[in-house]
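Colleague: Sequence first, predicted model second:
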Amino acid sequence: MAAVHRELVAEARAAGDREPVPSLATLQRAVARDLSAGERAGLRGGEAARPRYDVYGKRPPVHRNACWEGDHKRVPVRVSLDCIAVCPWVTWFIDVATKAIVGVAVTPHQPARDAVLAALRTGISRTEPYGPFGGLPGVVRVDRGKEFLCRTVERALGAFAVPVDDLPAYKPYRKGTIEALNGAVEEMLLVSLPGYTHVLAPLRCATRIRWRICSRTRTS
């Protein structure tokens, strides 16, 4: 803003304009009032700095089943499988328009094409016990996962004329709906489950310890 103010003063002097130039403080107040935090960050650091404070990659609204996004998520919760502690994986698809989870499959190991096909079946089929959400998507977006891009899955989706949009790797914002789902599930659900493996905040740890002590006291 200081550089802009200096340019305004220089232009006014060069043009012989007798109108007073707004002060630097007035210019700063106007910018703070009329520009968003992302726009101000863009003025300071360029376009690369703007997405940290502003909506990035926003897409226009679409109709139901226009696009699905698919991903794998390792569930950081230990469960017992045949007396062996494992962390399961979930493979799911979400409808971009309605934010409804249309298809899901859970495996006790790192998922393969069978998990993708199972999740697709639960999403495409709307007969009992599946539905009521689901149907045929217009396109499926994935991020170069080999399980989603294998020939078997390609043939299965090709039979329904459903294209697969192979997104660039390491660009999670290109499929932000499923990434938001992954984060929300862990922050709102998984952290409260017994056997959660990630490090908890001190306050949350203390809450869980008190809950366990109270549970044992009631049981005894």
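Modeller: Sure, I can see it.

Colleague: Quick one: the helices in the protein, in order.
Modeller: Under the criterion DSSP state H, helices of the chain are mapped to 2-15, 24-34, 37-45, 113-124, 146-149, 151-159, 176-188, 202-219.

Colleague: Which elements pack onto the fifth one?
Modeller: Helices and strands touching helix 146-149, by 3 or more CB pairs under 8 Å, 6 or more residues apart in numbering; DSSP states H and E, are helix 113-124, strand 140-142, strand 164-166. For the C-beta atoms, the positions are set from N, CA and C on the backbone; glycine is no exception.

Colleague: let's go with 10 Å and repeat that
Modeller: Contacts defined by 3 or more CB pairs under 10 Å, 6 or more residues apart in numbering; DSSP states H and E place helix 146-149 against strand 68-74, strand 89-95, helix 113-124, strand 140-142, helix 151-159, strand 164-166.

Colleague: So for residue 179, which of the ones you listed sits nearest?
Modeller: Between residue 179 and the helices and strands packed on helix 146-149, the shortest gap by CB to CB is with strand 68-74, which sits at 7.3 Å.

Colleague: How far away from the center of its chain is that closest one?
Modeller: Taking CA atoms, centre = their mean, to the nearest Å, one finds the center of strand 68-74 at 10 Å from the center of the full chain.

Colleague: now that strand and helix 113-124, what's the angle there?
Modeller: Strand 68-74 and helix 113-124 meet at an angle of 140 degrees, taking axes from the mean of the first three to the mean of the last three CA atoms, to 10 degrees as the criterion.

Colleague: got the angle for strand 68-74 vs strand 89-95?
Modeller: Using the same axes, to 10 degrees: strand 68-74 against strand 89-95 is 160 degrees.

Colleague: Which residues are in contact with residue 154?
Modeller: Contact analysis of residue 154 by CB atoms under 10 Å, 6 or more residues apart in numbering lists 148, 162, 163, 164.

Colleague: One more: residue 91?
Modeller: 70-73, 103-107, 111-112, 114-120, 145, 147-148.

Colleague: can you check residue 108 too?
Modeller: Applying CB under 10 Å, 6+ apart, the residues near residue 108 are 79, 81, 82, 84, 86, 87, 88, 89.

Colleague: how about 7 Å then?
Modeller: The contact partners of residue 108, by CB atoms under 7 Å, 6 or more residues apart in numbering, come to 81, 86, 88.

Colleague: if we can go back for a sec, quick one, which of the helices and strands packed on helix 146-149 is nearest to residue 183?
Modeller: strand 68-74 (9.7 Å).

Colleague: What are the buried residues along stretch 115-133?
Modeller: For stretch 115-133, burial by neighbour count (16 or more other CB atoms under 10 Å) applies to 115, 116, 117, 118, 119, 120, 122, 123, 124, 133.

Colleague: same deal with stretch 25-38?
Modeller: 27, 38.

Colleague: ok, the buried residues of stretch 115-133 vs residue 22, which is closest?
Modeller: Nearest member of those to residue 22, counting by CB to CB, is residue 133, at 55.0 Å.

Colleague: quick one, phi/psi of that closest one?
Modeller: The phi/psi pair for residue 133 (degrees, to the nearest 10) reads phi -70, psi 160.

Colleague: Once you drop chain neighbours, what's closest to it?
Modeller: residue 100 (4.4 Å; CB to CB, 6 or more residues apart in numbering).

Colleague: how about low-confidence regions in this protein?
Modeller: Applying pLDDT under 70 to the chain flags residues 56-57, 200-220.
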